[in-house]
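Student: how does the following fold in three dimensions:
(one chain, ligands or ions: 1)
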Amino acid sequence: MAERTRELLWADISQIYRQICEHPFVTGLTDGSLGQDRFRHYIVQDGHYLRAYARALAGCAAKAPVESELMMFAEHVGVAIAAEAELHAGLLAELGLGAEQVAALPVTPTTQAYASYLLAATASGSYAEAVAAVLPCYWIYARVGEHLQRHGSPEPLFQRWIDTYAGQEYQAVVEAVLTVTDRLGAHASAAEWELMRRRFHTSARYEWMFFDAAYRLEDWPV
Ligand SMILES: Cc1ncc(CO)c(N)n1
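Tutor: Have a look, this model is predicted:
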């Protein structure tokens, strides 16, 4: 049963994953057609997102029933804050934005919605629900990273972004979370399993919307 959990969850979002791979933001990373303004929008919003994501992971850590998983999620909080912030600082400097300019750019609607959703799901749900809510962030990026690595990018900045998620280190992090997910799925009641699926599917939708928002240079309409 254990292996089935990840397969069943992925089956629910395989269409969304395909739509992410076909999105002009994502195809633009490898065919070089993605404008720097769109990538800049994405990186700035992702900085905001990652700060909320780290807090959501801290929620998973707090709910973990065993110390190994408490440690794992706590480490990922550090990874999300430190490693990603470093990547972002580097990328943003190259995109011509300083820390102050970045801080002045507000959270846009999709980022706000996705971040709020993750924080609510991880604060109010069970451990299994919380893990299911954060799983698409890990897993979709690992799959998208692998997918894009096969194509490669003519733009060094985009290639650096791809390398982060396609890299062995990130792939191993995702595998560890999938192992936890398989165990949680195998022990979940029918009701909890339905909640896991719903959380997972909703976050996957937000992942597509996040790329789409950057592509549209989304802003508040009023
Ligand atoms: C929106 C989003 N989802 C997932 C990841 C992967 O950590 C990220 N950096 N940003």
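Student: list the buried residues for the longest helix along the chain?
Tutor: Across the chain, the helix with the greatest residue count (assigned by DSSP state H) is helix 36-63. Of all the residues in helix 36-63, those buried under the rule 16 or more other CB atoms under 10 Å are 38-50, 52-61, 63. Where C-beta positions appear, they are placed from N, C-alpha and C, glycine not excepted.
Student: which residue, other than its chain neighbours, is closest to the spatially most central residue of the chain?
Tutor: Against the mean C-alpha coordinate of the chain, by CA atoms, centre = their mean, the closest residue is Cys137 at 2.5 Å. Counting by CB to CB, 6 or more residues apart in numbering, Cys137 lies nearest to Tyr53, which is 6.1 Å off, once chain neighbours are set aside.
Student: what does Thr202 give?
Tutor: The shortest distance from Thr202 to any residue other than its chain neighbours is 6.6 Å, reached at Tyr117 (CB to CB, 6+ apart).
Student: average pLDDT across the longest helix of the chain?
Tutor: The average pLDDT for helix 36-63 rounds to 94.
Student: got the angle for the helix or strand containing the residue nearest to Thr202 vs helix 36-63?
Tutor: Assessed by DSSP states H and E, Tyr117 sits inside helix 109-124. Angle, helix 109-124 to helix 36-63, by axes from the mean of the first three to the mean of the last three CA atoms, to 10 degrees: 10 degrees.
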